[in-house]
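# Next comes the sequence, and after it the predicted model I'd like to discuss.
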Amino acid sequence: MENKINEIRTQAIAEIEASTDLKSLEEAKNKYLSRNSEFNNLKKGMKDLPNDKKPVIGSLLNKVSSELEKLVNEKFELFYIKELNERLLKEKIDVTLDGDYIPQGHVHPLTQTVNEIVEIFGHLGFSLIKPEFSPEVELEKYNFDLLNVPKEHPARDVQDTFYCENMPNVVLRSQTSNAQARQMMNSKPPIKIISPGRVYRNENVSARKNNLFHQIEGLYVDKNVTMGHLKGVLNEFIRLYFGSSRPTRFRSSFFPFTEPSVEIDVQCIMCQGKGCSVCSHTGWLEILGAGMVDPNVLRDVGIDPNVYSGFAFGTGVERLTMLKYAIDDIRLFFNDDVRFLKQF
Ligand code: DAH
């Protein structure tokens, strides 16, 4: 028995000493110190030994097993620290190195303007129209007929409006005013909406005109809506968008769907009213068309003009953005040149 124990001891020590890393050490440990090891089986066999042998063998077994455990623990500590150091070295991060450059996109200047205007009118109680009331591909009925635009009006001319091939009554909307008719046909007053979106016109593209651009339409219909409300709301909008010191002017004008109609100018932001090429030497820049909704329009969409009245307005998003940031070419908005876009 003693010989057997010593034999196992020598073998175990040799194997533990021969281990080179945590993995091989663990293997040696399992082989000699686990429950199923030969060594442990000897311990279990103790009960069958004659009584006089028990103390000697017992103490030998205990001595050897604590010797082996001590050896394993020493080796373990050694390998553990070695492997930990290796890992730390491998995973070292140089925090002083430059980070990767990740290009970041941002909101297009036109979208920024739309968002700003939607927010301003939100404060004034206007909500955003449902998209289904503001389609870009539209029937002539909503783009023109229901807005009191007579059949022979020059705006209908194919020169201005894109007609769909083989569908003579379908157009790419030339104005966001189409949303007015759809909104009024589908809801009852009070109505207080704004409708931003794309519009299309068959223009020669230049620094001032593109055949795709954006408008924002507004509509307020209720009992007792007056020109005073129109003036108050639109002046407040201009004050919030351009700043309080920008003088405004209301000029009488004509639109088929409003009566009376006005155009609203702000003092030229380039020359502060002195007159320059941007304002054609008038000192003023037109930014809004507006007016009291024509009773014919109300009647045609089923709203009684003797009970209700309203005002409407339309403004160009490109123009408002160009004026605010002194941008001199509308095409810049559509060319996707990041050198331009990243300035906003
Ligand atoms: N739709 C007009 C345009 O494109 C702008 C406009 C003028 C809209 C008067 C309105 C309005 O709602 O009342 O020039």
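Structure's in. What do you need?
# who's in contact with the residue of the stretch 1-150 of the chain found nearest the ligand?
Distance from the ligand to each residue of the stretch 1-150 of the chain (Cβ to the nearest ligand atom) is smallest for residue 147, at 8.1 Å. (C-beta placed from N, C-alpha, C; glycine too.) Contacts of residue 147 were listed using Cβ atoms under 8 Å, 6 or more residues apart in numbering, and they are 177-178, 180-181, 256-257, 297.
# So which residues on the stretch 151-300 of the chain come close to the ligand?
Residues of the stretch 151-300 of the chain that fall close to the ligand, judged by Cβ under 6 Å from any ligand atom: 175, 177, 217, 255, 258, 289-291.
# Any buried residues in the helix or strand of the chain with the lowest mean pLDDT, and which?
The least trusted helix or strand in the chain, going by mean pLDDT, DSSP states H and E, turns out to be helix 38-44, with a mean of 85. Judged by neighbour count (16 or more other Cβ atoms under 10 Å), helix 38-44 contains these buried residues: 39, 42.
# Residue 46 contacts residue 57, doesn't it?
Yes - under the criterion of Cβ atoms under 8 Å, residue 46 makes contact with residue 57 at 6.7 Å.
# Compare these two and say which one has the larger neighbour count.
Neighbour comparison, residue 46 and residue 57: the larger count goes to residue 57, with 19 against 13 (by other Cβ atoms under 10 Å).
# Quick one: name whatever helix or strand follows the one helix or strand that one maps to.
For residue 57, the element it lies in under DSSP states H and E is helix 54-90. If you walk from helix 54-90 toward the C-terminus, the next helix or strand you reach (DSSP H and E) is helix 109-123.
# Can you give the contact residues for whichever helix or strand comes after that following helix?
Proceeding C-terminally, helix 109-123 gives way to strand 127-128 as the next helix or strand, assigned by DSSP H and E. With Cβ under 8 Å, 6+ apart as the test, strand 127-128 has contacts from 118, 122, 192-196.
# Can you tell me the strand partners of strand 127-128 and which way each runs?
Strand 127-128 pairs in its sheet with strand 191-200 (parallel), by DSSP bridges.
# tilt between the strand it pairs with and helix 109-123?
Computed by axes from the mean of the first three to the mean of the last three Cα atoms, to 10 degrees, the angle separating strand 191-200 from helix 109-123 equals 170 degrees.
# give me the number of residues near residue 151?
8.
# ok so it is a helix residue?
No - when DSSP: H, G, I helix; E, B strand; the rest coil is applied, residue 151 is found to be coil, with no helix at that position.
# Centroid-nearest residue for this structure?
Nearest residue to the geometric centre of the chain (Cα atoms, centre = their mean): residue 107, 7.9 Å.
# Next up, the contacts around the residue in the stretch 101-250 of the chain that the ligand sits nearest to.
Using Cβ to the nearest ligand atom, the single residue of the stretch 101-250 of the chain nearest to the ligand is residue 175, 3.6 Å away. Neighbouring residues of residue 175 by Cβ under 8 Å, 6+ apart: 143, 199, 215, 217, 314.
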